[in-house]
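S.K.: Provided below are the primary sequence and the corresponding predicted coordinates.
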Amino acid sequence: MGEFEKAIAAEVDDAGVWTAGVAEGWDIGGHPHGGYLMALAARIALEATDREHPLSITAHFLRSPAIAPVSAKPALLRAGRSTAVVAVDLHQDGEPILATLTTTGRIPGTSAPVFQRGTAPTLPAPEACVDVDTPGNPFRQNLHDRLDIRLDPGTVGWATGRPRGVGEIRGWVRPRDGSEPDPLFLLVALDALPPTTFDFGIFGWVPTVELTALLRAAPAPGWLRVVVRSHLIDDGWLDEDVEVWDSSDRLVAQGRQLAGYRA
């Protein structure tokens, strides 16, 4: 069992209340990573609906979370033949911190897509990219003890005072412990790269307000390629569209989020 699988473990009591300990190290600046919390909620959603995979999950971030246990009592909204819909809200100290609505079912494995717009991004090899775990990196976070992230050198000019102003960041992502990515790990990968505001030399807190994730296929073993793009950064708000491609050049996850930014 890899570190990620252990970190999203949860237990249920006789009253149907789920509890989970928020694992240390899966945080940004002392606050649990948003994609990690979504994966934890999705794990509970799968157990509550008895389905294999999340197909889509919409998460609203309500309060700044702490590295502390969470609880949830799922509300099953629909249970059909192929899909189920469940609301899973995570609470800390009696207050909601994350509200999610998840559709569960079964995502494709290795079937050939009928149609796919665009192709997998071309990135330099991981060993030729910028390792965020480099000693002295001022942008390093505790999360990078859990994730191996290599950024495309062509999209990190902001780290040396030369932001491109394009609103796009690309990179490789995988679990640092050597385990292979699974469908729930894709939720972490969708939120793993630095925010696009960095590409404009805007640094500081970028809290996610809402994030919707679509899981399109089970990832093949190996590195994941992640591309993050923004369409509009304006008046303290930004959007981010995210694509995650696996080692077989398949689009395995998509995401869109609304976030705020504070210089």
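M.R.: Yes, it's here.
S.K.: Just the pLDDT at the closest residue to Leu232 other than its chain neighbours, thanks.
M.R.: In space, and not counting its chain neighbours, Leu232 is closest to Asp239: 6.0 Å by CB to CB, 6 or more residues apart in numbering. Glycine gets a C-beta too; all of them are placed from N, C-alpha and C. On the pLDDT scale, Asp239 is placed at 98.
S.K.: which parts of the strand or helix carrying Asp239 are buried?
M.R.: Secondary structure assigned from DSSP states H and E places Asp239 in strand 237-245. By neighbour count on 16 or more other CB atoms under 10 Å, the buried set for strand 237-245 is 238-240, 242-245.
S.K.: Which strands and helices lie in contact with that strand?
M.R.: Strand 237-245 is packed against strand 224-229, strand 251-260, with contacts defined by 3 or more CB pairs under 8 Å, 6 or more residues apart in numbering; DSSP states H and E.
S.K.: Any chance you could list what contacts the shortest one?
M.R.: Read it as strand 224-229. With contact meaning CB atoms under 8 Å, 6 or more residues apart in numbering, strand 224-229 is reached by 120-121, 123, 167-174, 181, 186, 189-190, 192-193, 195-196, 240-247, 252.
S.K.: Spell out for me which residue occupies the centre of this protein.
M.R.: Central residue of the chain (CA atoms, centre = their mean): Val188, 2.8 Å from the mean position.
S.K.: Number of residues surrounding the closest residue to it other than its chain neighbours?
M.R.: Nearest residue to Val188 in three dimensions, chain neighbours excluded: Gly35, at 4.1 Å (CB to CB, 6+ apart). Gly35: 27 surrounding residues under other CB atoms under 10 Å.
S.K.: isn't there a helix covering Gly35?
M.R.: Yes: looking at Gly35 with DSSP: H, G, I helix; E, B strand; the rest coil, it is inside a helix.
S.K.: Assess the claim that it and Ala192 are in contact.
M.R.: Yes: between Gly35 and Ala192 there is a contact under CB atoms under 8 Å: 6.7 Å.
S.K.: On the three-state scheme, Leu186 is what?
M.R.: When classified by three-state DSSP, Leu186 comes out as helix.
S.K.: ok, it touching Ala220?
M.R.: No: using CB under 8 Å, Leu186 makes no contact with Ala220, being 11.9 Å away.
S.K.: what about the helices in this protein?
M.R.: With helices called from DSSP state H, the chain shows them at 3-7, 34-49, 185-189.
S.K.: now the angle from the second one to strand 251-260?
M.R.: Using axes from the mean of the first three to the mean of the last three CA atoms, to 10 degrees, the direction of helix 34-49 lies 120 degrees away from that of strand 251-260.
S.K.: what distance separates helix 34-49 from the centre of its chain?
M.R.: The chain centroid and the centroid of helix 34-49 are separated by 11 Å under CA atoms, centre = their mean, to the nearest Å.
S.K.: heads up, I number from 7, so please use that
M.R.: Sounds good: first residue 7 from here, last item helix 40-55.
S.K.: quick check: mean pLDDT across it?
M.R.: When pLDDT is averaged along helix 40-55, the result is 98.
S.K.: Same check on stretch 113-124?
M.R.: For stretch 113-124, the mean per-residue pLDDT is 84.
S.K.: Now do it: distance from first to last residue.
M.R.: Terminal residues of stretch 113-124 lie 20 Å apart, using CA to CA, to the nearest Å.
S.K.: show me the contacts for Gly171.
M.R.: By CB under 8 Å, 6+ apart, the contact set of Gly171 is 205-206.
S.K.: Please report how far it lies from Val233.
M.R.: Distance, Gly171 to Val233, using CB to CB, to the nearest Å: 17 Å.
S.K.: With Arg123 instead?
M.R.: From Arg123 to Val233 the distance is 14 Å (CB to CB).
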